[in-house]
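Trainee: Kindly return the folded structure for what I paste below:
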Amino acid sequence: MTALLPFYAPFGLEAGLDEAGRGCLAGPVVAAAVILPRDFHHPFLTDSKQMTLRQRTELKRLVREYAIDFAIAEVDAAKIDEINILKASILAMHLAVDQLTHRPEHLLVDGNRFYSYPLTPHTCIVKGDSKYFSIAAASILAKTYRDELLEKMAQEHPGYGWERNAGYPTLQHRKAILENGLTNYHRKTFKVEIK
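Mentor: Just a heads-up that it's a prediction; the model follows:
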């Protein structure tokens with residue numbers, strides 16, 4: 001595994017941004033913004049999708065403990081349907097930055113699309129969660145927050161398997177939609193197919 005880089009900008013406070021839940025049929029899209037100390041390093045911190053639940057849980061604790069600042073924001077299914085998932089993902093990132101108590105001087109964004117945040121330069125990094133610590137940390141916080149949220153939602157709407165699939169389009173989830181219909185947490189503009 002390639003070692004992650006501590007920062008992109010040569011100086012100042014830099015916030016890493018990432019989202020979780022973009023390709024789901026149900027639940028919000030969740031974004032996190034994380035500012036880490038410039039000397040932060042952890043040998044196992046990388047893209048949250050490459051980790052076990054136990055690893056993510058432990059790294060969530062470490063990120064929250066060592067981060068200079070962090071924030072998490074969500075945009076619900078209704079808003080996703082209204083403005084589309086790309087705009088909703090970027091909106092969630094903006095809302096997370098809004099909540100930071102320290103104003104970042106640079107934003108390091110996972111992916112290749114972003115709308116400028118007021119008065120703050122940004123850089124998009126494709127697969128940034130496997131290249132920079134701050135984006136990987138944001139990935140951890142966004143995914144663990146969203147997974148825990150979907151587990152609670154699964155208690156309200158059992159049968160869709162959200163406690164296991166986190167709202168992603170697994171076969172069980174798609175079949176449950178066809179059998180039981182859509183909930184208020186489902187994204188109505190997303191296509192559901194059984195193949």
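Trainee: buried residues in the helix or strand where Lys87 lies?
Mentor: In this assignment (DSSP states H and E), Lys87 forms part of helix 85-99. Applying a neighbour-count criterion of 16 or more other CB atoms under 10 Å, one finds Ile85, Ala88, Ser89, Ile90, Leu91, Ala92, Met93, His94, Leu95, Ala96, Val97 buried in helix 85-99. The way it works is simple: take the backbone N, C-alpha and C, and place the C-beta from them, glycine included.
Trainee: and of those, the nearest to Phe44?
Mentor: Closest to Phe44 out of those is Ala96 (23.7 Å), distances taken as CB to CB.
Trainee: How much space separates that closest one from His173?
Mentor: 27 Å (CB to CB, to the nearest Å).
Trainee: repeat for Ile90
Mentor: Distance from Ile90 to His173, by CB to CB: 25 Å.
Trainee: and what of Asn180?
Mentor: 11 Å.
Trainee: Show me the common contact partners of those two, please.
Mentor: Residues touching both Asn180 and His173 (CB atoms under 8 Å, 6 or more residues apart in numbering): Tyr160.
Trainee: Neighbour count for the two, which is higher?
Mentor: His173 (22 against 12; other CB atoms under 10 Å).
Trainee: Correct me if wrong: that one contacts Arg164.
Mentor: No - taking CB atoms under 8 Å as the definition, His173 is not a contact partner of Arg164, at 9.1 Å.
Trainee: before we move on, back to that, so what touches the helix holding Lys87?
Mentor: 15, 17, 19, 22, 28-33, 71-75, 79-80, 83, 104, 107, 109, 113-115, 117, 120, 187.
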